[in-house]
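1. heads up, no residue letters with this:
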Ligand SMILES: [Zn+2]
């Protein structure tokens, strides 16, 4: 197997890892139907509404 010719410097590795901080936090929005926090672009888990209509049945 090929082996890297030069290893990355500590600072280069640290700079890459610094970007992990601002990666994927899921976008939490307030549901317009029941005002519960929900992930945007997802069906609301508490009322089952998406785009002002019921998409899934929720107990
Ligand atoms: Zn809802």
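-> Right, received. Where do you want to start? Since we're looking at a predicted model, the values are computed, not measured.

2. would you map the helices across this structure?
-> When assigned using DSSP state H, the helices of the chain occupy the ranges 10-18.

3. by mean pLDDT, flag the weakest helix or strand of it.
-> When the helices and strands of the chain are scored by mean pLDDT, DSSP states H and E, strand 53-54 comes last with a mean of 73.

4. give the contact list for residue 31.
-> Applying C-beta atoms under 8 Å, 6 or more residues apart in numbering, we find residue 31 in contact with 37, 38, 44, 46, 47, 49. The C-beta positions use only the backbone N, C-alpha and C, and glycine is treated the same way.

5. farthest-apart pair in the residues you listed, please.
-> 37 and 49 (13.8 Å; C-beta to C-beta).

6. neighbour-wise, which of the two wins?
-> residue 49 (18 against 11; other C-beta atoms under 10 Å).

7. what number of residues lie near the closest residue to the more buried one other than its chain neighbours?
-> Nearest non-adjacent residue to residue 49, counting by C-beta to C-beta, 6 or more residues apart in numbering: residue 33, 4.1 Å away. Number of residues near residue 33 (other C-beta under 10 Å) recorded here: 16.

8. kindly report the residues of this structure close to the ion.
-> 31, 33, 34, 44, 46, 47 (C-beta under 5 Å from the ion).

9. and the gap between residue 11 and the ion?
-> 46 Å (C-beta to the ion, to the nearest Å).

10. where does that residue land on pLDDT?
-> As predicted, residue 11 sits at a pLDDT of 94.

11. got it, and residue 7?
-> 90.

12. that older thread, may I ask which two of the residues of the chain next to the ion are separated the most?
-> Farthest pair in the residues of the chain next to the ion, by C-beta to C-beta: 33 and 46, 8.8 Å.

13. okay, and the beta partners of residue 30?
-> Here residue 30 sits in beta bridges with residue 37, going by DSSP bridges.

14. which ones are touching it?
-> Contacts of residue 30 by C-beta under 8 Å, 6+ apart are 36, 37, 38.

15. do you know how far it is from residue 51?
-> Going from residue 30 to residue 51 by C-beta to C-beta, to the nearest Å gives 15 Å.

16. thinking again about what came up before, list just the nearest of the contacts of residue 30 to the ion.
-> residue 36 (5.1 Å; C-beta to the ion).
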